[in-house]
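> following is a predicted model, sequence given first.
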Amino acid sequence: MSDKFSRRDFLKLAGVGAASTAILTGCGPASRYVTREPYMLMPEYNYNGQSTFYATTCRECAAGCGLVVRTSQGRAIKTEGNANHPLNLGKTCARGQATLHGLYNPDRVTDPIKRTRGNAAGTTVTWDDATQTVADALKNYKPEEIAFLMGTTSDHLFDLLTDLSAQTGINSPVRFGALSMFEARATLSKAAENLFGEAGMPLFDVGGAQVVFSFGANFLETWLSPVSYTRGFAGLREAQSKKRGTFIQFESRMSSTAGKADEWLPLRPGTEALVVLAIGRLASELRGGPLPRAFADVDPADAASKSGIKLETLEHLAEMFANSTGALAIPGGTALGQSNGLAVAEAVLALNAIADNFGKPGGVFFSALAPNQTEYQRSASVKEMQEFVQKMADGKFKVLFVHGVNPVFELPASSDFKNALKSVEQVISFATFPDETALEADYVFPDHHALESWGYQRVVTGSAQPVLSGSQPVVSPFYNTRATVDVLIAAAQLAGGKFAEALPFKDEVEFLQSKVASLMSETDGFFAAPDINTFMAYFQQYGGWWKTTDARTIPNTADVLNRNLVGAEAEFAGEGEFFFVPFVSPTLAEAGANKPWLQELPDPTTTVMWNTWVEINPETAHELGLEDDDVVKITSEAGVLEVPVYRYPAIRPDTIAIPFGQGYTAYGQYAANRGVNPADLLGQHFNEAGDLAFAGMKVKIEKTGKKQPLSRLESIMGVYGVGLGEEH
Amino acid sequence: MIRPEEIKMSAEHVGKWGMVIDQDICTGCQACVAACAMENNISFVGEKDSGYGRSMHWIRIERFWEGEYPEVKMTPNQPMLCQQCNSATCEPVCPAFATVHSQAEQLNLQIYNRCVGTRYCGNNCPYQVRSFNWRDYERPEPLSNQLNPDVTVRRMGVMEKCTFCIQRIHKAQDKAKAEGREVVDGEFTTACAQACPASAITFGRVDDPESLVSQLAQRGHGLKHLEELGTLPNVTYFKGG
Amino acid sequence: MIKRFFDWLKQPLGLIAVGIAVLTLFSIAAYGLYTTQQPPEQPIQFPHKTHVAFGIQCLYCHPGAARGPAAGIPTQAKCWGCHNQIVKTQTSLLLAPLKEAVESGTPIEWVPVAQVPDFVQFNHRAHIAAGQNCENCHGDMTKVNIAENPQVFNMGWCLDCHVKNAGEDHVKLVKLTDCGTCHY
């Protein structure tokens, strides 16, 4: 051996060491002692290692898209769209994909609990006690003292409660969701009623159109039925038989829908009605003939100066609209959520009369009524909710049941739902997740997650065919939860008397069967069956039942252009110098914040993840001395928020925008205490249809001197590093 | 053993699997990103790490701004994912041969068990589509119930990237073989293409002129990103408009 | 400092220390290897050879092998299908855990024996379709009670067989030796 310990020797020694370490750590017995529990009661059609697929319905929003869920060994692995389903034809949005993060969310309510209000810790009770509690609540109070507040999904539960209220005299269930607030659904159907003499949900055939003018409708994000409208948009762009369609969006902030537009017209908020009528007048003039009364009163030059859109631009747009063979105008979102929202909606619907597109491909229809539905039902407007809240505050409701909605978060703070809850003697929540409202309830009797549930959802709009989308459990319940319908049926039996008579069912499935049985005899169904068991088997297999015929109806448009339409500007509440635009986060929507992968999806326009930002035009930011990530204080007449700045190049200098979807104080580890809720800034101002004028606020901005870095995908350098906030 | 003369120069290779992405109809809705994450057991990294640029999107949607207000325009949304280059720049720099080219499927592979985490491949990728596991990211129970059993769960120190859903390729091939037939075009697709509400993503065999993806790629005005680098990517983009 | 350490190592005493260290490491490693080759402790001392002797086919209890990736461990319902007709089941001490599991409805927690690491995507179906018999990899079950691994499932062992079976077929060889065939 040489007297130097050579490098080679050293490597040899190191090699032996490394080898032994590898053997010890990598292949040691520790990693081998994994135990496996065989699937206890494996269905006969299952095989080990083979996936089983179940059709069901997505409940992440109220649209009612069909899902096919891949399960393996009794676990749900992946959701895909149901290719047979007429609404979404095999496609899903991001929220539909992430629904599994709801099912296996680490923060679900695992057992029925009783709590003192506001105290997160509660005591677990048994389901027998829970059922007894519900039965007592039904029995011991007068019918008019009992109220149900529901979300926009779970139509079967709504039907059950409607039946229950019809037969026992308790208040009919009221439905609400933040999405329908931001969609201004009440305004849309009220405008249709005023113009066409019939309430209903208009359906806009984007796919068949040649030119689409959208006034604030964010139909590629969360509006009404985003998957179906996105398919329509694809049809607009790339249909084989016609040339590429044009899409123009009018709104003060470029939403991700507007980002897809050929032209984005940042009009001054509140001037939408003027602009629509001006385009209507100019287009009518181009078409010739007598000027319709609807557009007679507007002065295009005045509209141009007030809206900030050049007169030449308006003329060019009018020409485009008048000369196209398939022009379509869509009202929605922020354009309707203003003091004159109803006038805007009416004007936009009337604009379609110039294109004469009612009931034609690429035009306006009424959505088909869903199977087993006799009239159009919509969720409550915020004004109607306000009446509800007032009744709570006045002590008229002694028992409140809440299911599928989180009004403490979803209603604006100015509605004061949380305080009104204090006047209600007993609050029973059926929440799946520990949300703010469940925290303020006396009892939480958790419903199953959507993927563990039976049920159906009516497709309100987006499909030409009437669709009843079916739900079935794709996995057995993960926790000690129970279907709310089952709880109510059992409680009604316990309560006895008229309650037991109203709900004479063994369980939820029997109730569902009673509801869908009438469809068996329909002749134009996608399938028919001789008996209810066969029918239910198909209903589960295909994920629902739908007609094979186009049942959209054509609005009665005789009188549309002969009405006087008002082109007044909207009024704005508050003192500040900035128009305030709250918009629904395209990725999180109203209830996505507790799903970690939805949080990590970058916002389509700003690429911000995991937080809330305020969009400010870079010029304005410069004037105010604001950089990206500077925290500003935003004050409205209703509240104050502190939120970091994102300098957004595509927003009017006099407008700021904040996404809705964050700012929870409860709702699990991924949602709680993250970001802010722009609804806190909204005051109680309504349009004529009773929808909240959420885009009708003016706000003040103040610099706070604090900084809060926003995680953004666009900055590959990372926002904590050098060059902080430099990139666009 | 494969002899060197049997391996054609990769530059002459035609890819096997490819994609066509229509940016004109991509709405940037992130459905593909969520679908990819759910299919491929991708970890979420949390706010802080994603701020450091460590988020692990195998597919991301890029958008850029042109002009200034009010003439500002958003460029067509650009889903960016591994381009499965025929002559990939990530491959020759891997000292551990973890980033290898699949001769059978003509894909760029990332072999997790071989990866030692040098991140050379990620730094050499002109598309910046590789993501590195900087930590063993937390996935609180019972979230792990959702994991896809067909895809390896990666751990700290390993590079990962889009695989063109190779597990679905294998599954479809295995099924076809069991039934004694060839894989039919459109029989399966990647998670992103399957979810896309606008059907902006089409996946299939680019070496089969009859397949939908080949037909679409032939429509003209297709663009391959950074083609000038000689990477021979297998994803064709249509900007449209 | 380091030089002094190496100098010390070259002393006879140092060499002995190195020798002891190497030996210790080696024995621990050998013990580690040995333990991986022992059949693990199972909740029921399941005698494979008895069942095979009755003429029960492997695929009767592990039917997944012919269809897909996982062969599967049978549910106790399957065990009970035969065992509830066997008088001895009621009295046998060995079978008590089965009886107990069936009666209480709790799953039996078996310890898998033939495992590949998580980063290997193994598919039984392809192997059976290629004409491999169960015993080629899992050993002769007529000879053992609790299943044990006759060999270490490592990559060299897999590849040896893959290369041998591909023979002169170049396309097959490429497929069977492609990293992406098993690792993704």
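On my side now, so go ahead.
> now the most centrally placed residue in chain C: which helix or strand?
Centrality entry for chain C: nearest residue to the mean C-alpha point is residue C:114, 1.9 Å, by CA atoms, centre = their mean. Residue C:114 is part of no helix or strand when elements are defined by DSSP states H and E.
> spatially, what comes nearest to residue 50 if we skip its sequence neighbours?
Unless you meant another one, I'm taking chain A. The shortest distance from residue A:50 to any residue that is not its chain neighbour, by CB to CB, 6 or more residues apart in numbering or on different chains, is 5.0 Å, and that residue is residue C:68. All C-beta atoms are positioned from the backbone trio N, CA, C, and that covers glycine.
> hmm, I had chain C in mind actually
Skipping the residues right next to it in sequence, residue C:50 comes nearest to residue C:145 by CB to CB, 6+ apart, at 7.9 Å.
> sec struct for that neighbour, please.
Three-state call for residue C:145 (DSSP: H, G, I helix; E, B strand; the rest coil): coil.
> swap in residue A:247?
For residue A:247, the secondary-structure state derived from three-state DSSP is strand.
> beta partners of it?
Legend: beta-bridge partners of residue A:247 under DSSP bridges are residue A:212.
> how close does it get to residue A:259?
Relative to residue A:259, residue A:247 is positioned 11 Å away (criterion: CB to CB, to the nearest Å).
> same question, residue A:648
Between residue A:648 and residue A:259 the computed distance is 11 Å (CB to CB).
> which residues do these two both contact?
Residues touching both residue A:648 and residue A:259 comprise residue A:605, with contact defined as CB atoms under 8 Å, 6 or more residues apart in numbering or on different chains.
> these two: who's more crowded?
Of the pair residue A:648 and residue A:259, residue A:648 is the one with more neighbours under other CB atoms under 10 Å in any protein chain shown, namely 26 against 22.
> quick one, what contacts residue B:193?
If you count contacts by CB under 8 Å, 6+ apart, residue B:193 has them with B:19, B:32, B:199, B:201-203.
> in JSON lines: these, plus pLDDT and secondary structure.
Written out in JSON lines, the entries for these read as follows (pLDDT from 0 to 100; DSSP: H, G, I helix; E, B strand; the rest coil):
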{"residue": "B:19", "pLDDT": "95", "secondary structure": "strand"}
{"residue": "B:32", "pLDDT": "96", "secondary structure": "helix"}
{"residue": "B:199", "pLDDT": "93", "secondary structure": "coil"}
{"residue": "B:201", "pLDDT": "95", "secondary structure": "strand"}
{"residue": "B:202", "pLDDT": "94", "secondary structure": "strand"}
{"residue": "B:203", "pLDDT": "95", "secondary structure": "strand"}
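> restrict these to contacts with chain A.
When CB under 8 Å from any CB of the partner chain is applied, the members of the contacts of residue B:193 adjacent to chain A are residue B:199.
> between the contacts of residue B:193, which sits nearest chain C?
residue B:203 (16.2 Å; CB to the nearest CB).
> the closest one and residue B:117: what is the separation?
To residue B:117, residue B:203 is 30 Å away according to CB to CB.
> who has more neighbours out of those two?
Between residue B:203 and residue B:117, counted using other CB under 10 Å, the more crowded position is residue B:203 (27 against 15).
> quick one: contacts for the more buried one?
B:17-19, B:164, B:189-190, B:193, B:213.
> close to chain B: what parts of the stretch 251-400 of chain A are there?
Within the stretch 251-400 of chain A, the positions lying close to chain B (CB under 8 Å from any CB) are A:254, A:256-257, A:259-260, A:262, A:264, A:266.
> for the worst-scoring helix or strand of chain C on mean pLDDT, name the packing helices and strands.
Within chain C, judged by mean pLDDT, DSSP states H and E, the helix or strand with the poorest mean is helix C:2-10; its value is a mean of 82. Under the contact definition 3 or more CB pairs under 8 Å, 6 or more residues apart in numbering or on different chains; DSSP states H and E, helix C:2-10 sits against helix C:12-36.
> where are the low-confidence patches of chain B?
B:1-13, B:241 (pLDDT under 70).
> which residue of it sits farthest from its center?
Here chain B reaches farthest from its C-alpha mean at residue B:70, the gap being 35.6 Å by CA atoms, centre = their mean.
> for that residue, which non-adjacent residue is spatially closest?
Nearest non-adjacent residue to residue B:70, counting by CB to CB, 6+ apart: residue A:266, 5.6 Å away.
> give the contact list for the one you found.
A:251-254, A:308, A:650-652, B:69-70.
> out of those, who's nearest residue A:539?
Compare each of those with residue A:539 using CB to CB and the shortest gap goes to residue A:251, at 41.0 Å.
> now that closest one: how far from chain B?
In this view, residue A:251 and chain B are 13 Å apart by CB to the nearest CB, to the nearest Å.
> wait, isn't that residue in contact with residue A:258?
Yes - if you go by CB atoms under 8 Å, residue A:251 and residue A:258 touch, sitting 5.9 Å apart.
> of these two, who's got more company?
residue A:251 (31 against 25).
> re the thing from before, against chain C, how distant is the residue nearest to residue B:70?
When distances are taken as CB to the nearest CB, residue A:266 and chain C turn out to be 47 Å apart.
> repeat for residue A:607
In this view, residue A:607 and chain C are 29 Å apart by CB to the nearest CB.
> can you report how many residues lie near that residue?
For residue A:607, the neighbour count with other CB under 10 Å is 20.
> residues contacting it?
Counting by CB under 8 Å, 6+ apart, residue A:607 has contacts A:712-714, B:63.
> again, only this time at 7 Å
A:712-714 (CB atoms under 7 Å, 6 or more residues apart in numbering or on different chains).
> ok, and of those, which contact chain B?
Checked against chain B using CB under 7 Å from any CB of the partner chain, the contacts of residue A:607 give the following subset in range: residue A:713.
> between the contacts of residue A:607, which is closest to chain B?
Nearest to chain B among the contacts of residue A:607, counting by CB to the nearest CB, is residue A:713 at 6.1 Å.
> ranges for the strands of chain B?
Assigned strands in chain B, in chain order: B:17-22, B:59-62, B:65-66, B:73-74, B:78-81, B:131-132, B:159-160, B:201-205, B:235-238 (criterion: DSSP state E).
> should've said the stretch 251-400 of chain A
Shown for the stretch 251-400 of chain A, the strands assigned by DSSP state E, counting those that start in this stretch span residues A:263-265, A:327-331, A:364-366, A:399-403.
> and the first one, which strands flank it?
So that's strand A:263-265. Strand A:263-265 pairs in its sheet with strand A:246-250 (parallel), by DSSP bridges.
> do the same with the second one
Within its sheet, strand A:327-331 is paired with strand A:211-215 (parallel), according to DSSP bridges.
> what distance separates the partner strand from the centre of its chain?
Centroid separation between strand A:211-215 and its chain, computed with CA atoms, centre = their mean, to the nearest Å, is 22 Å.
> show me the contact partners of the very next helix or strand once past that strand.
Beyond strand A:211-215 in the direction of the C-terminus, DSSP H and E gives the next helix or strand as helix A:226-238. If you take CB under 7 Å, 6+ apart as the criterion, helix A:226-238 is touched by A:63, A:65, A:87-89, A:91-93, A:205-209, A:212, A:219-220, A:223, A:244-245, A:247, A:462-463, B:22, B:24-25, B:27, B:29, B:197-199, B:240.
> stretch A:306-325 too?
Outside stretch A:306-325, the residues that reach it (CB under 7 Å, 6+ apart) are A:210-211, A:213, A:246, A:248, A:265, A:267-268, A:271, A:274-275, A:278-279, A:282-283, A:286-287, A:300-301, A:303-304, A:327, A:354-355, A:569.
> burial of the residue nearest to residue A:585 when sequence neighbours are not counted, as a residue count?
Once its chain neighbours are removed from consideration, residue A:585 has its nearest residue in residue A:661; the separation is 3.5 Å (CB to CB, 6+ apart). By the measure other CB under 10 Å, the count of residues near residue A:661 is 26.
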